[in-house]
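1. Pasting the sequence and the predicted model now:
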Amino acid sequence: MVEKQYKYTVADSKTIEQIILDENVNINHTILQKGDRLPEHYSNSIVYMIVARGTVTLALDEQEAHSYSKGSILNVPYKTKMNVFNNHEDILELFIVKSPSPLSYKK
């Protein structure tokens with residue numbers, strides 16, 4: 001087989017998992033229930049957030065928070081302060097793609 005298969009958790013409970021981390025790309029998967037959030041952090045690469053389910057509320061740097069629903073793909077620049085949370089009733093599910101891989105920045 002030439003292809004490689006990766007799996008991610010299918011659930012409704014809070015999940016934060018790394019699916020792929022190699023020299024090309026970093027892909028994370030996150031599920032947040034109402035009131036859940038990720039710790040405030042700075043993007044360590046160029047980030048693409050794919051909203052697969054629910055609505056994400058995102059506050060970048062010192063900007064006012066904005067909400068984006070299922071079907072949205074968001075681009076966050078490198079070294080941007082990020083606050084990611086779910087303040088909506090529906091479960092939030094995100095795929096977070098970092099490209100180039102954060103490993104590239106450590107070289």
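-> On my side now, so go ahead.

2. use CA for all of it now, contacts and neighbours both
-> Fine.

3. In contact with the residue lying closest to Y6 once chain neighbours are set aside: list those residues for me.
-> In this structure, Y6 finds its nearest non-sequential neighbour in I19, 6.8 Å apart by C-alpha to C-alpha, 6 or more residues apart in numbering. Going by C-alpha atoms under 8 Å, 6 or more residues apart in numbering, I19 touches Y6, K7, Y8, N26, I27, N28, H29.

4. out of those, which one sits closest to K98?
-> Comparing the contacts of I19 against K98 with C-alpha to C-alpha places N26 closest, at 5.0 Å.

5. Could you export the contacts of I19 as JSON lines, including secondary structure and distance to V47?
-> As requested, those are exported to JSON lines (DSSP: H, G, I helix; E, B strand; the rest coil; distance: C-alpha to C-alpha, whole Å):
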{"residue": "Y6", "secondary structure": "coil", "distance to V47": "20"}
{"residue": "K7", "secondary structure": "coil", "distance to V47": "21"}
{"residue": "Y8", "secondary structure": "coil", "distance to V47": "19"}
{"residue": "N26", "secondary structure": "strand", "distance to V47": "9"}
{"residue": "I27", "secondary structure": "strand", "distance to V47": "10"}
{"residue": "N28", "secondary structure": "strand", "distance to V47": "11"}
{"residue": "H29", "secondary structure": "strand", "distance to V47": "13"}
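
6. what are the ranges of the helices in the chain?
-> Assigned by DSSP state H, the chain shows helices spanning 102-105.

7. show me where this protein has strands.
-> Taking DSSP state E as the criterion, the chain carries its strands at 15-21, 26-32, 41-42, 47-53, 55-60, 66-69, 73-76, 81-85, 92-98.

8. partners of the shortest one in the sheet?
-> Right, the one you point to is strand 41-42. strand 81-85 (antiparallel) (DSSP bridges).

9. ok and the strand it pairs with relative to strand 55-60, angle-wise?
-> Interaxial angle, strand 81-85 versus strand 55-60 (axes from the mean of the first three to the mean of the last three C-alpha atoms, to 10 degrees): 160 degrees.

10. Not counting strand 81-85 itself, show me its contacts.
-> With C-alpha under 8 Å, 6+ apart as the test, strand 81-85 has contacts from 32, 35-43, 56-61.
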